[in-house]
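Engineer: just the structure for this:
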Amino acid sequence: MNGTKRRRSSIPWGLIFNMFIIGLTIGLIVFFIFSKDGFIDLLNSGLKINVLWLIIGLCLYFLNIVLDTYIIYLFVRRSTLSFTLWQAVIVSMVGQFYCAVTPGASGGQPMQVLTMTRMNVKASNATAALIQKFLVWQFTLTGYSILAMALRFGMFVENLDFAMWVLTVIGFLGQVGTIVVLLLASFNKNVTTKVIGGIFKLLGRIHILKNVDQKIKKLDESLTNFHNCNKDLNKDKTLVIKVYVITFVQLTVLFLVPYCIAKSFGKEGVQMFDMLCAQSFVSMVSGLVPLPGGSGAAEYCFSAFFGTTFDEATIKSAILIWRCITYYLTIIISLPFAAVRKKKVAAEDAAAAGAEGSLSK
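Structural biologist: Predicted coordinates:
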């Protein structure tokens, strides 16, 4: 024995997962391009694609991002007057990127909070604003789905198989459950404190978390500030109504992208409202899958809900174009903002460390 500790071999699960997602994404793209009735076959078929409709679809997608930015600005500006529209753009882009590349879009809001704290927005104010925004989004999406089911129930009965019905029900219940949990966390401080405090104590007993009492005290202070921010936000009824209307418009323009793709393929008989209803369910169901961008599930749901709109010769190309506009393009345009922000944070941390080192000398 030379006194050195042997390193435990560990499996890099994070790296394996990332490689799996990259492989799945590349595999899906290759499949939709080169397989039978894929994008290459579509181009060789002589079908004239109306590029103008695709440009309209792109414009609708960008309008969705503009509206997302404005909603963030409205929520945060109420508590932080120094918050600018350009900062809202950065926060929106950071959220878009990390929602796209993390499982279940779980990394978006935490990175947005971190970004806003670097912009001198209090963490409690940033968290309250984002949870309010997410609640509005969930309520509007769920309402959209209920309206779609009520008005186009026959369409879903005819076109969906048993597996998709199960996924649809699970997706709907998942959305409702998420809303209930967030409402409880937002407006019932005592229950939230007891639940999270209980989790902290459990983690302390199994020696995963240290200084449990101190962390629970800090949690109680943060939740008090957070709930005060929530109450303050909800007092502004004009703001609440305004963001619900804007979110409804945001979802609508995003859900119209498949309609534009159908029109670009010359599908003259498609009904706009039917496609809005179908896309609302695609978003609801695929959002449950704990993979970045709902990879695999989003494509499957699209083919299930739009199987009658696009025939076998066009469905694969429609899925590819839809994912390029609404997902891959998101990563491309938001990556520079996330990368720049990461470098800036690293520089700030290095400067802070240098300052602390100078003071300690």
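
Engineer: regarding residue 81, which helix or strand does it belong to?
Structural biologist: Counting by DSSP states H and E, there is no helix or strand that carries residue 81.

Engineer: how near is it to residue 188?
Structural biologist: Distance, residue 81 to residue 188, by CB to CB, to the nearest Å: 29 Å. C-beta: built from backbone N, CA, C; applies to glycine.

Engineer: more neighbours: those two, which one.
Structural biologist: For the pair residue 81 and residue 188, the greater number of neighbours falls to residue 188 (13 against 8), based on other CB atoms under 10 Å.

Engineer: I'd like the distance between that one and residue 230.
Structural biologist: 11 Å.

Engineer: same thing with residue 287?
Structural biologist: Separation of residue 287 from residue 230 (CB to CB): 24 Å.

Engineer: next one: residue 48
Structural biologist: Residue 48 sits 53 Å away from residue 230, going by CB to CB.

Engineer: okay, those two: which has more neighbours?
Structural biologist: residue 230 (21 against 9).

Engineer: what helices or strands is the helix or strand that contains residue 24 leaning on?
Structural biologist: Applying DSSP H and E as the criterion places residue 24 in helix 13-34. For helix 13-34, the contact count by 3 or more CB pairs under 8 Å, 6 or more residues apart in numbering; DSSP states H and E identifies helix 39-44, helix 315-323 as packing neighbours.

Engineer: how about CSV for those, with mean pLDDT, mean neighbour count and distance to residue 142 added?
Structural biologist: Formatted as CSV, those follow (pLDDT from 0 to 100; neighbours: other CB atoms under 10 Å; distance: least, CB to CB, whole Å):
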stretch, mean pLDDT, mean neighbour count, distance to residue 142
helix 39-44, 75, 15, 34
helix 315-323, 90, 22, 22
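
Engineer: out of these, nearest to residue 31?
Structural biologist: Nearest of the helices and strands packed on helix 13-34 to residue 31, taken as CB to CB: helix 315-323 at 7.7 Å.

Engineer: list the contacts of stretch 254-268.
Structural biologist: Residues from elsewhere that reach stretch 254-268 (CB atoms under 8 Å, 6 or more residues apart in numbering): 47-54, 56-57, 60-61, 64, 144, 270, 272, 275-276, 278-280, 283, 302, 306, 309-310, 314, 317-318, 321-322, 325-326.

Engineer: can you flag which of these belong to helices?
Structural biologist: 51-54, 56-57, 60-61, 64, 144, 272, 275-276, 278-280, 283, 302, 317-318, 321-322 (DSSP state H).

Engineer: which of these are buried, as a ChimeraX select command?
Structural biologist: In ChimeraX, this line selects whichever of the ones in helices among the contacts of stretch 254-268 come out buried by 16 or more other CB atoms under 10 Å:
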select :53,54,56,57,60,61,64,144,275,276,278,279,280,283,302,317,318,321,322
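
Engineer: got the angle between the helix or strand residue 99 falls within and helix 13-34?
Structural biologist: Element membership of residue 99, judged by DSSP H and E, is helix 85-101. Calculated by axes from the mean of the first three to the mean of the last three CA atoms, to 10 degrees, helix 85-101 forms an angle of 90 degrees with helix 13-34.

Engineer: which elements pack onto helix 85-101?
Structural biologist: Using 3+ CB pairs under 8 Å, 6+ apart as the test, helix 85-101 ends up in contact with helix 51-77, helix 108-117, helix 329-360.

Engineer: and the second one, how far from the chain's centre?
Structural biologist: Taking the mean of its C-alpha atoms, helix 108-117 sits 13 Å from the chain's own mean (CA atoms, centre = their mean, to the nearest Å).

Engineer: ok, now the first one?
Structural biologist: Using CA atoms, centre = their mean, the mean C-alpha position of helix 51-77 is found 14 Å from that of the whole chain.

Engineer: out of the helices and strands packed on helix 13-34, the one nearest residue 22 is which?
Structural biologist: helix 315-323 (15.0 Å).

Engineer: any idea of the angle the closest one forms with helix 13-34?
Structural biologist: Between helix 315-323 and helix 13-34, the angle comes out at 130 degrees (the same axes, to 10 degrees).

Engineer: can you tell me what sits against helix 315-323?
Structural biologist: Applying CB under 8 Å, 6+ apart, the external contacts of helix 315-323 come out as 28-29, 31-33, 35, 37-39, 42, 54, 257-258, 261-262, 265, 298-299, 302-303, 306-307, 310.

Engineer: kindly report the same for stretch 103-118.
Structural biologist: Under CB under 8 Å, 6+ apart, the answer for stretch 103-118 is 72, 76, 83, 87, 90-91, 94-96, 98-99, 101-102, 123, 126-127, 130-131, 134, 287, 289-292, 338, 341, 344-345, 348.
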